[in-house]
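Asks: Based on what follows, work out the 3D shape:
(2 chains)
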Amino acid sequence: MSGPKLNTGPARGMRDFLPVDVRRRAFVIDVVTRVYQSYGFEPLETPAVENIETLLGKYGEEGNQLIYKILKRGEHESTGQADLALRYDLTVPLARVVAEHRAKLPRLFRRYQIQPVWRADRPARGRYREFYQCDVDALGSTSAAIEAELCGAVSQVLTELGFEDFRIRLNHRELLRAVLQAAGVPEGLHGEALIAVDKLDKIGPEGVTGELTARGVAPQAARALLGVFAGGEAENGALLSSLEAFVTGGAAGVAVPACLENLREILALTEGTPAAGRLRVDPSLARGLSYYTGAIFEIAVPDLAGSLGGGGRYDGLVGMFSGEQVPACGFSLGLERILVVMGERNLFPPALTAAPADVMISVFRPEDLGRAMQSALVLRQGGLRVFVYPDVDKMGKQLKYASGCGIPCVAILGESELAAGTVSIKALASGRQDTVALADAARTIQDFLGEVRG
RNA sequence: GUGGGCGUAGCUCAAUGGUAGAGCACCGGCCUGUGGCGCCGGACGUUGCGGGUUCGAUCCCCGUCGCCCACCCCA
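Replies: From the prediction side, this is the model:
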């Protein structure tokens, strides 16, 4: 038995899910699924592995580097070339599916998808290399009603899970472009400028100015940008008005940019959804994925540095596969981010840590095990979760085992019970014990369970 | 990728330049059909891995791997 000790931990950034973990995950997934379905979203699943060219070039430079690539197999492995990759998110595979199966899908396709994705990122708190995303996406419409319903659906999920303090940060890719342009930041420096501006709450206005000029932004443009982004806690309407003044140069009679109209409409429409009051226009929100074309979102809670989820409109992605432009918008919730915060805030129902079974059957002679299994069947047909103790240990040890795993009742099949066709039911918490006919045992156990659970 | 911290029994952690202990958990007994409490006893480690200094390293030094925190980024 003794050999070299192998590292028994999972690979870096990966996790084993023990029973208590799986129960918690299933609890959250159940809520997410139920809410998404209630908004008319249909289920979809796609393969873990995609052809590598499906994924490359969709996420921006950083995303490209974080894709897990799969080497060619067999004699081609030595070439070091990769032809497959693990999916990096659920959005690009969705776009591929829609491009492939367009004719079979409804014109206004709404789907949800809860599956793992893989990123070769550095693990941290709430960040793993394999993690689950809970995506909802709606294709085929450019209406702001889509954005509003998506915000409503994720808000309802979070509210039902017990979150009361989340905010949805809202911005728009076109607005971002217009602001940078109006500030005089050249197109090529937009990415650099956004990284700097994003640090505003950490390093302050002076720090951002320094960072901007260090990245090549002219001092005048840097000052102009700060004027926009340092707006503080302005209310959504006022913020949009000042942004409008900035991007139009304050000139009267200039047409209101479509992106601002779009944001105003989204804000108005969400007032009739569970997302009411949750949205905050945030001109500094950028988001890393390059496929976004319109509104972008990110969900924030105070006690988590990262986000609980994010999303946005990507009207060009399906067209990258099929050539046919199909407008689309989606939102993604990060399952493990939700679990981390729920764990810290004790938002899980206590019953989730419950025992593996309602009752454990005890016997004391090897020849009685067959009768124990028959009795278990009777109890299972009575709706109970039944665990048959497989060994013939002393009663004390068996009771201790049941007690230790939190199994609330023990059904004792000793010599006298077997002879009489009865079973003794003991409730461990109270110590109460009744001997009843096997046919009545399930009901007795249910009664005992009822007392324990109040 | 940058900076800092930590790797000792199944778990949580002590300790010392002279080859390691406690609590919990586990097993057995007190108690041969009744658990939790108590008492008694038992088993348990190549001190992450490799190398160096040393008469001798778990401790000091170097490397390596793994984990944690901060920055960065995101779900």
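Asks: Report the helix or strand with the lowest average pLDDT across chain A.
Replies: Least confident helix or strand of chain A, by mean pLDDT, DSSP states H and E, is helix A:200-214 with a mean of 75.
Asks: who does that one touch, helix- and strand-wise?
Replies: Counting contacts by 3 or more Cβ pairs under 8 Å, 6 or more residues apart in numbering; DSSP states H and E, helix A:200-214 packs against helix A:190-197, helix A:219-229. Where C-beta positions appear, they are placed from N, C-alpha and C, glycine not excepted.
Asks: ok, and what's touching it?
Replies: A:193, A:196-197, A:199, A:219, A:221-223, A:225-226, A:229-230, A:284 (Cβ atoms under 8 Å, 6 or more residues apart in numbering).
Asks: ok so, going back, which stretch in the helices and strands packed on helix A:200-214 is the model least sure about?
Replies: Note on those: helix A:190-197 shows the lowest mean pLDDT, a mean of 78.
Asks: Report the buried residues of that helix.
Replies: For helix A:190-197, the neighbour count (16 or more other Cβ atoms under 10 Å) marks A:190, A:192-194, A:196-197 as buried.
Asks: Where does the stretch 151-300 of chain A get nearest to RNA strand B, which residue?
Replies: Residue of the stretch 151-300 of chain A nearest RNA strand B, by Cβ to the nearest atom of the strand: A:Gly288 (2.4 Å).
Asks: Regarding that residue, which helix or strand does it belong to?
Replies: Per DSSP states H and E: A:Gly288 is located in neither a helix nor a strand.
Asks: Just give me the neighbour total for A:Ala178.
Replies: Using other Cβ atoms under 10 Å, A:Ala178 has 19 neighbouring residues.
Asks: so what's it closest to, chain neighbours aside?
Replies: A:Val247 (4.3 Å; Cβ to Cβ, 6 or more residues apart in numbering).
Asks: repeat for A:Asp282
Replies: Leaving out its chain neighbours, the residue that sits closest to A:Asp282 by Cβ to Cβ, 6+ apart is A:Arg169, at 4.2 Å.
Asks: secondary structure class for A:Leu347?
Replies: Classification of A:Leu347 using DSSP: H, G, I helix; E, B strand; the rest coil returns coil.
Asks: isn't it right up against A:Leu161?
Replies: Yes - under the criterion of Cβ atoms under 8 Å, A:Leu347 makes contact with A:Leu161 at 6.3 Å.
Asks: So which of these two has more stuff around it?
Replies: A:Leu161 (19 against 16).
Asks: mind listing what's buried in the least confident helix or strand of chain A?
Replies: Within helix A:200-214, the residues that count as buried by 16+ other Cβ under 10 Å are A:200, A:208-209, A:211-212.
Asks: Kindly report the same for stretch A:285-303.
Replies: Of all the residues in stretch A:285-303, those buried under the rule 16+ other Cβ under 10 Å are A:285-287, A:289-301.
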